[in-house]
Every structure is written in structure tokens, then in C-alpha cells.
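> this one's sequence-less:
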Ligand SMILES: Nc1nc2c(c(=O)[nH]1)N[C@H]1C(S)=C(S)[C@@H](COP(=O)(O)OP(=O)(O)OC[C@H]3O[C@@H](n4cnc5c(N)ncnc54)[C@H](O)[C@@H]3O)O[C@H]1N2
Ligand code: MOO
């Protein structure tokens with residue numbers, strides 16, 4: 001296209017005489033590749049990429065801080081004060097950790113649903129009570145100790161004095177039982193200590209309670225009793241939570257081999273093992289972006305009866321041949337998605353054109369304003385040229401990726417194999433249908449874990465129920481060919497907790513034997529052989545969730561070659577007390593506009609987050625990582641996505657390669673508590689319209 005032709009259009013608009021365009025100046029539209037609505041007078045066909053790679057900010061700039069600074073969200077606790085002032089309506093429960101206990105608490109009845117939206121009752125942001133003034137509890141007790149800590153450390157059943165006549169063991173002390181032993185902070189391996197050295201106590205009260213953990217400085221690794229009898233004295237120190245995640249991520253030898261899989265559900269959720277490279281230009285031909293007329297040169301245009309019989313009765317439709325050229329000064333009806341015929345220079349939308357009949361029986365098409373060359377034409381190669389990298393290896397195959405791959409000409413994708421996971425549900429007490437009865441309960445983990453793992457890209461079959469049969473467990477583990485076996489229950493040291501003994505019997509290498517996390521501390525990770533791992537999830541349902549996110553998810557990520565989603569944080573609407581030594585994982589719901597600055601996102605700790613409960617996690621958007629010692633109201637906490645929260649992997653992959661991703665992205669306020677790139681959610685339990693989400697719990 002010559003500049004003169006553009007001038008022609010302008011001249012027409014200005015009522016100036018039109019100099020007919022020279023046909024030799026009209027190159028095929030295929031040669032002009034510019035973004036839609038922009039013609040390419042200079043024929044800069046190969047510069048088209050520049051249009052998508054402007055100077056806009058990179059999509060991931062500023063990603064690290066999607067939420068306001070903590071100080072914007074509420075006062076920090078005063079020195080010596082564990083909770084925020086009472087005026088803070090998002091202030092914490094008297095002891096938010098207390099409901100995590102399995103002991104009956106009247107609180108469980110107290111938080112029955114009362115609110116209008118039916119969900120806000122679950123927020124764990126009850127009216128604050130200063131610790132010192134809390135009735136009925138000594139200020140030093142219950143500040144982060146759950147039932148387990150109160151009743152004492154992890155105690156192997158076979159050494160409990162009341163059951164066996166083994167070594168003497170001190171009786172539980174005080175009303176709350178013995179205190180948990182002091183341990184190193186969660187994410188720091190405990191310092192080496194001589195085996196005979198006494199273990200310091202976290203509280204001076206209570207009778208002595210012998211050292212319960214291994215003195216080894218490498219938790220879970222140098223434990224001397226993996227092939228011998230476990231005693232209370234030689235149980236390994238729990239692995240710090242973050243260390244455990246890292247060990248789980250590094251436990252597999254690497255990703256499973258790539259496979260070619262048909263484009264469709266078989267590929268969904270896998271990770272691309274090769275870059276997705278365009279097999280064609282997209283669009284692959286110059287395309288009409290609108291229903292209307294393909295026009296050649298400036299108007300008005302002669303609406304010719306098409307010369308070829310039968311063809312183009314309704315004009316040129318999508319999918320039809322459009323090889324017949326349009327003469328200069330002529331127009332032909334065209335549909336969205338149809339090929340632009342040779343000679344056409346623009347598309348005039350149907351709502352913009354006016355057809356006037358001529359006395360000679362012909363028709364003339366008029367436009368209310370000049371039609372710039374290239375208008376409403378999607379030029380070939382606008383989105384990509386053949387050979388362009390559309391996505392890098394490592395991108396998650398999402399539904400959108402399937403669509404893109406299909407558009408780009410793929411019939412199958414080369415992606416990493418899905419990890420095969422076998423789920424073994426242990427426990428004679430479990431029913432798989434009906435109501436709990438006669439001491440038996442419903443299996444809550446089988447129905448949960450299979451889809452959870454599938455959402456993580458695993459090939460997980462239905463759970464197998466093995467009861468509490470040690471031989472059945474041995475046979476199942478010995479014969480399994482799965483990349484990862486997941487057991488539920490039986491990780492502790494009760495009389496029918498068969499996981500540890502069976503691993504010893506199999507000669508498995510225990511990589512993580514207990515994690516400094518609540519709930520879920522008995523979780524474990526073992527290598528059955530070079531290519532098979534086992535994650536032992538505790539039986540308490542929320543403890544099992546904790547094990548899923550702590551051990552199963554990182555291991556599966558490595559096996560499936562999934563990217564780690566970057567950590568993200570949000571401020572808490574209420575203080576959460578911490579375990580003295582262990583990391584806590586608590587279910588939280590996102591709430592936009594909950595913070596005191598009026599528009600900041602935040603996360604609301606949910607109630608019913610005791611180890612045996614699923615009520616909190618079922619309403620949750622994420623799990624918050626609460627470090628030992630707790631987190632203040634307004635303080636940022638790290639968040640772990642849940643499978644239904646969304647996964648930014650694909651978006652991150654795109655951001656690495658396509659810079660105009662930002663052009664259409666909604667502006668990020670910097671206060672969105674959600675993962676960058678994930679749109680506002682509308683889960684009913686976190687209705688942003690509810691100004692008083694404390695609901696029934698606020699009283
Ligand atoms: N003496 C000690 N006992 C326990 C300790 C401890 O430190 N010292 N830790 C407790 C903690 S914490 C947990 S968690 C559990 C873990 O126990 P197991 O992994 O051996 O699990 P089970 O005893 O089989 O079950 C525990 C609990 O969960 C229920 N359960 C089991 N499976 C299911 C299922 N599929 N669906 C629903 N509920 C399930 C089971 O009935 C028990 O109530 O150990 C504590 N003990
Ligand atoms: O604290 Mo256990 O780990 O109940 O879950």
C-alpha cells in the first residue's frame with residue numbers, strides 16, 4: 001500500500017476529488033501484518049511482534065506485594081499483648097488455637113450458624129479478649145498449645161506405662177498434662193544435643209517428662225530406629241515444615257518421562273515437555289473481523305452481483321473460498337471470520353454501511369465516514385507467525401492452552417506423564433456409605449484425596465480400603481507400581497497403626513518422619529524403592545490435608561514437572577496464635593475490602609479448623625502458614641493455594657514470553673489479596689458485601 005492511497009481515503013472524507021488508487025500498489029492483504037484495525041502502509045510485515053512488545057510494565061512487576069503493608073490494616077499488638085485491641089472488630093478469638101483441640105469445647109456449639117449470608121459464622125474473628133484477662137485459663141497456658149501439646153509429646157504407644165510395663169514414664173502432670181518439650185524453631189534444624197542431655201521445657205510447670213525426640217540434628221534422617229523398636233526416647237525430631245516441603249520436592253529422581261497425548265482431557269493438567277510452537281500463522285489468512293462488506297479502495301462502492309454462479313449468495317462466509325478478487329471501487333458482503341478476498345482493502349461493518357439502489361438496478365454502498373485501509377481486517381500472522389513460541393516448556397496445560405494448541409494446529413501435545421498415585425485408606429472404623437453408627441465413622445479422606453490429587457495433575461485412582469490389616473498394607477505396598485503411594489491413618493503409634501512397622505518390614509527409607517507442623521505432625525515421607533515414594537497422611541482429616549500440602553504436593557510437582565507457584569501473602573483480619581515450636585496451617589478465606597484501609601484484600605482465619613475437622617477447610621480459599629509464635633492481626637501471612645483456588649502456572653509461563661499480556665490485564669490495585677493474575681472471586685462465604693462478617697461468632 002502506498003501512502004497515496006491512504007491520502008485518497010482522507011481526501012474522500014474531506015470532500016476532495018478522489019484520485020483512483022493504482023492497482024499495482026495494492027499488494028495482497030496477506031503481506032501486511034499489523035494488529036487488527038491497523039493497516040500497514042509501510043509493509044512492516046515482520047515488525048508485527050513489536051506491537052505486542054511495547055514498553056508497558058512486565059506483568060509480574062510488583063507481584064510480590066499484592067496486598068497493603070501490614071501497618072495499613074490495623075494496629076500491631078502492644079508489647080506484651082498477644083491480641084489486638086478490643087476495638088478492632090477483626091480481632092482474634094480468646095484463643096484461636098483452642099478450637100483446634102479435639103476435646104469437646106462449648107465453643108463448637110457457640111459458633112453455630114447465625115448470620116444472614118450463611119457463611120460468615122465460620123470466620124474466626126471473634127471479639128478479642130486480652131489474654132491476661134481471659135477467664136478460666138492461666139495466661140501462660142493455652143497460648144498456642146493444642147491438645148497434643150498439652151497431653152504431651154508424640155508418645156509411642158508401645159512405651160506408654162499404662163499399657164506396657166516398659167521403661168518408666170512420668171505421669172502426665174497438672175490439669176493440662178505435661179507441656180511440650182522445647183524445640184528449635186520450626187524452620188531451623190534443632191542443634192545437636194547429646195542423647196543423654198535433658199530436654200528443656202517450654203514451661204516450668206509440670207513434672208519432668210523425658211526427652212521425647214531424637215537428638216539427631218538432621219530430622220528424620222539419622223534416626224537410629226527405623227529398623228528397630230521405636231521408643232519415646234528415640235523418635236526423631238520432627239522435620240521443620242519448610243525443610244519437609246523441600247525434602248518432598250527433591251525426593252523424586254526428577255520429572256516422569258514425557259509422553260505424547262491427544263489434545264483434550266488426556267493432556268489437561270499436565271506440564272508441557274516441549275515449547276508450544278505455532279504450526280501455522282494465526283490467523284492463517286487475512287480475516288474479516290466483522291460482518292459487513294469487504295471494500296476495495298475508497299467509497300462509495302459498487303455492490304456487484306457476484307460473477308460466479310452459486311458462490312457468495314450471502315457474500316463470502318467463514319470457511320469459504322475467497323479467491324475471486326474485488327475490483328477497485330467495488331464491495332462484496334462478507335461474514336466475520338471469512339477470508340478477505342484479493343483486492344479488498346478494508347471491511348465496512350454492516351451497521352455502518354448504507355445501500356442505495358441505483359436506477360440501473362445496481363446498488364451503491366456508502367459509508368458515513370472514510371474507511372481506513374485495514375479496518376476490521378485481522379491480518380494473517382497478527383497473533384503469531386509459524387514457528388513462534390507460544391508457550392515455553394513447563395507451562396501448565398490449561399483449558400486455554402488446549403484451545404490455543406488446537407488453533408495453532410496441534411492434534412497432540414508432548415507433556416510429562418502424570419504421576420500415578422495409589423491411595424490406601426486405613427482404619428477398621430471407616431464406613432464408605434451411610435451415617436456414622438456404633439463408633440464407626442464415614443471415610444472422609446477417600447472422597448477428598450482422589451480429586452485433590454487429580455487437581456494436582458496426578459493420575460489417582462479410587463481409594464482402596466485396607467482396614468487395619470498389617471499384612472494387607474504390606475502386600476499393597478510391596479506390590480504397588482504407583483509412583484507415589486498415599487496412605488491415610490495409621491501413622492501414629494497406636495496398637496493398629498501399621499504404617500511405621502510396615503515400612504520397616506519393607507526396608508523403606510524414611511525421609512521425613514514427623515513434621516513440625518500442626519495439624520499433621522505425624523505425617524511421613526518414605527522411599528519404597530528408587531522410583532516409588534510413600535506419603536503417610538495422618539488419619540485426622542485436617543491433618544491429612546496438612547500432609548497433602550506439605551509432602552504430597554511438592555513431590556507431585558516434581559514428578560509432574562509443575563512449576564512452583566510463587567509464594568504470596570496477605571494480611572490477616574485477626575491475630576492467630578501460634579504453636580510454640582511448630583508451624584501452623586490454618587484454613588483462611590479471602591475477603592476483599594476487609595482491611596481497615598477500606599479497599600485492601602485480606603484473609604480471614606476460619607473456625608472449625610481442629611485436626612479432626614473439615615468444616616473450615618471446606619469453606620477456605622487457602623491455607624495460611626502461621627509461624628511458631630503466631631501472627632498478629634494485620635500481619636502478612638504466607639498463603640498456600642488449594643486446588644480450587646486457581647493455579648497461576650500457565651499465566652506465569654505466558655508472562656515469560658508475551659509482553660503484551662499486560663495490555664488486556666485488569667489493573668492491579670496492589671491490594672488484591674489473591675494471587676496476581678487471578679481475578680476477583682465470588683465465593684459466597686467471603687461476600688465482600690458483608691460488612692460484619694463476624695456473624696454469630698462476634699458476640
Ligand atoms: N499418644 C499420641 N497419640 C496421638 C498423637 C500423639 O502425638 N501422641 N498424635 C495425634 C495426632 S496429632 C494425629 S493427627 C493422629 C494421627 O494418627 P494416625 O495417623 O495413626 O491416624 P488414626 O489413628 O488411624 O486416626 C486418627 C483419627 O482420624 C480418624 N480417621 C482416620 N482415617 C479417617 C478417614 N479416612 N476419614 C475420617 N476420619 C479418619 C480416626 O478415626 C481417628 O479418629 O494421632 C493422634 N494420636
Ligand atoms: O495435630 Mo494431629 O497432627 O491432629 O493432626
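Received the coordinates, thanks. Note that this is a predicted model, so its numbers are computed, not measured. Ligands and ions are numbered 1, 2, ... in the order given.
> buried set for stretch 391-404?
Residues of stretch 391-404 classed as buried: 391, 393, 394, 395, 396, 397, 398, 401, 402, 404 (neighbour count, 16 or more other CB atoms under 10 Å). (Glycine included, C-beta is placed from N, CA and C.)
> of those residues, closest to residue 640?
Distances from residue 640 to these, taken as CB to CB, are shortest for residue 396 (17.2 Å).
> need the buried residues of stretch 391-404 in a markdown table (columns: distance to residue 565 and pLDDT).
What follows is the buried residues of stretch 391-404, written out as a markdown table (distance: CB to CB, whole Å; pLDDT from 0 to 100):
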| residue | distance to residue 565 | pLDDT |
| --- | --- | --- |
| 391 | 17 | 98 |
| 393 | 17 | 97 |
| 394 | 13 | 96 |
| 395 | 13 | 96 |
| 396 | 10 | 94 |
| 397 | 16 | 95 |
| 398 | 13 | 94 |
| 401 | 16 | 98 |
| 402 | 20 | 98 |
| 404 | 21 | 98 |
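> tell me which of the residues you listed fall in helices.
The helices, defined by DSSP state H, take in 401, 402, 404 from those.
> ok, the last one - contacts?
When the contact criterion is CB atoms under 8 Å, 6 or more residues apart in numbering, the partners of residue 404 are 276, 390, 391.
> show me where the stretch 351-500 of the chain has its helices.
With DSSP state H, counting those that start in this stretch, the ranges of helices along the stretch 351-500 of the chain come out as 399-407, 446-455, 470-479, 499-506.
> what is the neighbour count of the closest residue to residue 483 other than its chain neighbours?
Closest residue to residue 483 apart from its sequence neighbours, by CB to CB, 6 or more residues apart in numbering: residue 419 at 4.4 Å. Residues within reach of residue 419, counting by other CB atoms under 10 Å, total 27.
> try the one 3 residues further on
As a burial measure, the neighbour count of residue 422 was computed by other CB under 10 Å and equals 23.
> roughly how far apart are it and ligand 2?
Distance from residue 422 to ligand 2, counting by CB to the nearest ligand atom, to the nearest Å: 23 Å.
> that residue reaches residue 487, doesn't it?
No - look at residue 422 against residue 487 with CB atoms under 8 Å: they stay out of range, at 9.3 Å.
> same question for stretch 316-330: list its buried residues.
Neighbour-count burial for stretch 316-330 [16+ other CB under 10 Å]: 316, 317, 322, 325, 326, 328, 329, 330.
> for stretch 361-372, same thing?
For stretch 361-372, by 16+ other CB under 10 Å, it's 365, 367, 370, 371, 372.
> could those residues go into CSV alongside pLDDT and distance to ligand 1?
As requested, those are arranged in CSV below (pLDDT from 0 to 100; distance: CB to the nearest ligand atom, whole Å):
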residue, pLDDT, distance to ligand 1
365, 97, 71
367, 97, 70
370, 95, 71
371, 96, 67
372, 97, 66
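> any idea which of the residues you listed is closest to ligand 2?
Nearest to ligand 2 among these, counting by CB to the nearest ligand atom, is residue 372 at 66.7 Å.
> let me know which of the helices of the stretch 351-500 of the chain is tucked in deepest.
Mean neighbour count (mean count of other CB atoms under 10 Å) peaks for helix 499-506 among the helices of the stretch 351-500 of the chain, with a mean of 21.
> can you tell me which residues contact the residue in the stretch 351-500 of the chain positioned nearest to ligand 1?
Residue nearest to ligand 1 within the stretch 351-500 of the chain (CB to the nearest ligand atom): residue 489, separated by 3.0 Å. Contact analysis of residue 489 by CB under 8 Å, 6+ apart lists 425, 426, 427, 445, 497, 537, 538, 539.
> need the per-residue pLDDT for the fourth one.
Turning to residue 445, the model gives it a pLDDT of 98.
> now the helices of the stretch 351-500 of the chain as TSV including distance to residue 302?
Listed next are the helices of the stretch 351-500 of the chain as TSV, based on distance: least, CB to CB, whole Å:
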stretch	distance to residue 302
helix 399-407	36
helix 446-455	59
helix 470-479	80
helix 499-506	83
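> for the ones you listed, which one sits closest to residue 560?
The nearest among the helices of the stretch 351-500 of the chain, by CB to CB, is helix 446-455 at 10.5 Å.
> need the helix or strand of this structure with the lowest average pLDDT.
helix 661-664 (a mean of 26; mean pLDDT, DSSP states H and E).
> and the nearest residue in space to the residue of the stretch 351-500 of the chain closest to ligand 1 that is not next to it in sequence, how far is that from residue 465?
Setting aside the residues directly before and after it, residue 489 is nearest to residue 539 in space (CB to CB, 6+ apart), at 3.2 Å. Residue 539 is 13 Å from residue 465, where distance means CB to CB, to the nearest Å.
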